[in-house]
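3D, please:
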Amino acid sequence: MVRGALRGGRPMRGGIRPPFKKTFVPRHPFDLTLAEVVFPKVSPAVDDSALTAALLKRNQDLSPTPGEQTAIGNLVTKVQAVLDNLVVAPGDFNTCQLEEVRQVGSFKKGTILTGNNVADVVVILKTLPTKEACEALAKKVEADLKNGMKTEVVAKGEQHAIQIHDRGFDVSNSQAKVRILIATLPQNLRKLEPEIHLDHKLMQSHLAAIRHTRWFEENAHHSSIKVLIRILKDLTKRFDAFSPLSSWMLDLIAHLAIMNNPSRQALPINMAFRRVFQLLSAGLFLPGSAGITDPTEPGHIRVHTAMTLEQQDVCCYTAQTLLRVLAHGGYKHILGLEGNTSIVREMSVWNGVVVSPLTPVYEKPVDKKEGDLEEDIDMIENENEDEGSDDAAE
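Residues are numbered from 1 along each chain as shown. Now for the predicted structure:
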């Protein structure tokens, strides 16, 4: 009897069955904080007061000065007033129509770093975002700012400069900058033409930045989360392995580390800082991991799939090296209070314990095309092809 036929020799209706499709089942990395009930501590808690003090000091060093805050706030207020006026009373300005003006990014969230005096504002247009409309809006904002400052005594450093770029335009003076990010209504996105309008993906990322900021204000307003985000941002600047982590990824992992625990109460900053390295070391951002689902996007998009496989591997083994350094008291080198970043590349000794840096596990195939690098189910699924989950404003 032919394989697959029914008894009596008759062939199966519908012919041969198609091959079974393998289902992707994401795994959750081991999290000691959630598993503490199953793995109770057998030794007394470690005195982490020195780490806590170092984290708070580093946060203070990274926070903008009152002068920087005032400079950014003043410029944002002036630009916002001009844009809001164009929404309600555009007058004879008809090159484009403004629907809404929203602040986004680090300044709005309260996680800005010192020396980075930049605020982000998204302007949603009712009309299609042509390049000419962007230039006309920039000139209109510049003219209205000058008119509004005629009665003021303006120092030379307070004079405004306008610079147009592919995302919109910048309004700046010698002390601060406001980036105006142009977007349009969601129903207009399908009408965009590359030759005439601003880039489709940039428009999507600007709309995503509004969703990110709204979610952050509703869910991540705890002060410890902002402290941890500021410290993690500094790590991405000093350690190349963490540079692929976007601002939105840092927001989500900081919120996870502090708020996602059995008590549903905010963890102390020292425990949350350790937990970030524990989660990354356990493979939170590796292929096949459940990772962190973007709460602002439909379809269960995991934010770390925006990273390449090589970036995911480097991020994981670097976190493992730094976790071992942290476990033996090397937190000052990690925070940048002492030493440098060579601890992830060279052998180091901490209280008699040798910590050797780990090496890559992922090897990029040389005989395959870029699109056929992996048979990993995670990448085949390609659930984050849009890549709209990155915080475009930062």
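
from the chain's centroid, how far away is stretch 322-334?
24 Å (C-alpha atoms, centre = their mean, to the nearest Å).

now Leu98: phi and psi?
With angles defined as degrees, to the nearest 10, Leu98 sits at phi -90, psi 130.

ugh, wrong one, Val104
Reported as degrees, to the nearest 10, the phi and psi values for Val104 are phi -140, psi -180.

give me the neighbour count for it.
Counted with other C-beta atoms under 10 Å, residues neighbouring Val104 total 27. Every residue, glycine included, has its C-beta placed from N, CA and C.

list the buried residues for stretch 114-123?
Applying a neighbour-count criterion of 16 or more other C-beta atoms under 10 Å, the buried positions in stretch 114-123 are 116-123.

just checking, which of these belong to strands?
Of the positions in the buried residues of stretch 114-123, 118-123 sit in strands, assigned by DSSP state E.

dump those residues to TSV, plus pLDDT and distance to Leu279.
TSV is the format used below for those (pLDDT from 0 to 100; distance: C-beta to C-beta, whole Å):
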residue	pLDDT	distance to Leu279
Val118	95	29
Ala119	96	31
Asp120	97	28
Val121	97	33
Val122	97	31
Val123	96	37
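
name the nearest of the residues you listed relative to Val88.
Minimum distance to Val88 across these is 13.9 Å, recorded for Val123 (C-beta to C-beta).

any idea which element the closest residue to Cys96 other than its chain neighbours lies in?
Take Cys96 and drop its neighbours on the chain: the residue closest to it by C-beta to C-beta, 6 or more residues apart in numbering is Ala133, 3.9 Å away. Secondary structure assigned from DSSP states H and E places Ala133 in helix 131-148.

ok, then the element right after that helix?
Note on helix 131-148: by DSSP H and E, the next helix or strand toward the C-terminus is strand 161-165.

who does that following strand pair up with?
Looking at strand 161-165 with DSSP bridges, its paired strands and their directions are strand 168-172 (antiparallel).

ok, and what's touching the partner strand?
For strand 168-172, contacts defined as C-beta atoms under 8 Å, 6 or more residues apart in numbering pick out 75, 79, 123, 134-135, 137-138, 141-142, 145, 160-163, 177-182, 198.

any of those residues buried? List them.
The neighbour-count test (16+ other C-beta under 10 Å) applied to the contacts of strand 168-172 identifies 75, 79, 123, 134, 137-138, 141-142, 145, 160, 162, 177-182, 198 as buried.

next, Lys191: phi, psi?
phi -90, psi 0.

show me what His197 bridges to in the sheet.
Beta-bridge pairing of His197 under DSSP bridges involves Thr130.

now the ones in strands among the buried residues of stretch 114-123 as a markdown table including distance to Leu192?
Shown next, in a markdown table, are those (distance: C-beta to C-beta, whole Å):
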| residue | distance to Leu192 |
| --- | --- |
| Val118 | 26 |
| Ala119 | 26 |
| Asp120 | 21 |
| Val121 | 21 |
| Val122 | 16 |
| Val123 | 16 |
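
wait, which of those is closest to Glu99?
Proximity of these to Glu99 was ranked by C-beta to C-beta; the top entry is Val123 with 8.5 Å.

quick one: distance of the strand or helix carrying Leu228 to the chain centre.
Taking DSSP H and E as the definition, one finds Leu228 inside helix 223-238. Distance of helix 223-238 from the chain centroid (C-alpha atoms, centre = their mean) equals 12 Å.

can you name the next helix or strand after that helix?
In the C-terminal direction from helix 223-238 (assignment by DSSP H and E), the next one is helix 247-259.

who's in contact with that following helix?
Residues from elsewhere that reach helix 247-259 (C-beta under 8 Å, 6+ apart): 105-106, 109, 111, 212, 216, 219-220, 222, 224-225, 228-229, 232-233, 236, 245, 266-267, 269, 272-273, 275-276, 279-280, 284-285, 292, 294-295, 303-304, 389-391, 393-394.

could you give the angle of it to helix 223-238?
Regarding helix 247-259 and helix 223-238, their directions subtend 140 degrees when assessed with axes from the mean of the first three to the mean of the last three C-alpha atoms, to 10 degrees.

quick thing: my sequence starts at 429, can you match it?
Will do, 429 is the new start, and the previous item becomes helix 675-687.

quick one: buried residues of helix 675-687?
If you call a residue buried by 16+ other C-beta under 10 Å, then helix 675-687 has these buried ones: 675-687.

go on, stretch 499-512?
By neighbour count on 16+ other C-beta under 10 Å, the buried set for stretch 499-512 is 499-500, 503-504, 506-508, 510-511.

what are the boundaries of the strands in the stretch 629-778 of the chain?
Secondary structure of the stretch 629-778 of the chain (DSSP state E, counting those that start in this stretch): strands at 776-778.

for stretch 552-561, which residues meet the burial criterion?
552-553, 556-558, 561.

closest to Ala463 among those?
For the buried residues of stretch 552-561, the minimum distance to Ala463 (C-beta to C-beta) is 44.2 Å, reached by Ile552.

now Ala648: phi and psi?
On the backbone of Ala648 - angles per degrees, to the nearest 10 - the values are phi -120, psi 40.

with adjacent residues omitted, what lies nearest to it?
Sequence neighbours aside, His683 is the residue nearest to Ala648 in space, at 4.6 Å (criterion: C-beta to C-beta, 6+ apart).

per-residue confidence at that neighbour?
In the predicted model, His683 carries a pLDDT score of 97.

same question, the one 5 residues further on
The per-residue pLDDT reported for Asn688 equals 93.

likewise Arg692?
86.

from Ile729, how far out is it?
25 Å (C-beta to C-beta, to the nearest Å).
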